[in-house]
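>>> Structure, please.
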Amino acid sequence: MPVGLSVRHFMTGEIGGFLNRFFETTADNHLTSHSLKETTLSWCAKFGVDEDCRTLLGHHGLSSQGKGTLLATCLK
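Numbers count the residues shown, from 1 in each chain. Down below sits the predicted model:
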């Protein structure tokens, strides 16, 4: 049995539900799992992480480079 928070991957709705219960949000300012992605990518941009690396982290494709090449560049 895997060790961790769960034996299966979380669904995006479950993550959103957890965030909203944890932060006690209202219908006017609810959070989604996408909120985590936006915040992380925003912090990366402010910290100076390269745009190509942020693209990879955001799971957006780059047609000009293969992901293997890009990943090697980002891990330097």
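
>>> Which element, helix or strand, includes the residue positioned nearest the centre of the chain?
With distances taken as C-alpha atoms, centre = their mean, Lys37 lies nearest the centre of the chain, 3.4 Å away. Assigned by DSSP states H and E, Lys37 falls within helix 33-47.

>>> Remind me what that helix packs against, helices and strands.
Packed against helix 33-47 by the contact rule (3 or more C-beta pairs under 8 Å, 6 or more residues apart in numbering; DSSP states H and E) you find helix 12-22, helix 51-57. All C-beta atoms are positioned from the backbone trio N, CA, C, and that covers glycine.

>>> in the first one, what's buried?
Along helix 12-22, the positions that meet the burial threshold by neighbour count (16 or more other C-beta atoms under 10 Å) are 15-17, 19-20.

>>> any idea of the mean pLDDT in the helix holding Lys37?
The average pLDDT for helix 33-47 rounds to 87.

>>> for Phe23, what are its contacts?
By C-beta atoms under 8 Å, 6 or more residues apart in numbering, Phe23 lies in contact with Leu31.

>>> which sections of the chain are below the confidence cut-off?
1-5, 60-76 (pLDDT under 70).

>>> before we move on, back to that, what's the angle from the helix holding Lys37 to helix 12-22?
Angle, helix 33-47 to helix 12-22, by axes from the mean of the first three to the mean of the last three C-alpha atoms, to 10 degrees: 80 degrees.

>>> Using TSV, lay out the helices and strands packed on helix 33-47 together with distance to Trp43.
Below are the helices and strands packed on helix 33-47 laid out as TSV (distance: least, C-beta to C-beta, whole Å):
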stretch	distance to Trp43
helix 12-22	17
helix 51-57	10
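
>>> my guess is the residue nearest to the centre of the chain contacts Gly58, does it?
Yes. Contact criterion C-beta atoms under 8 Å: Lys37 and Gly58 qualify, at 6.5 Å.

>>> For the buried residues of helix 12-22, work out which two are farthest apart.
The most widely separated members of the buried residues of helix 12-22, counting by C-beta to C-beta, are Ile15 and Asn20 (9.7 Å).
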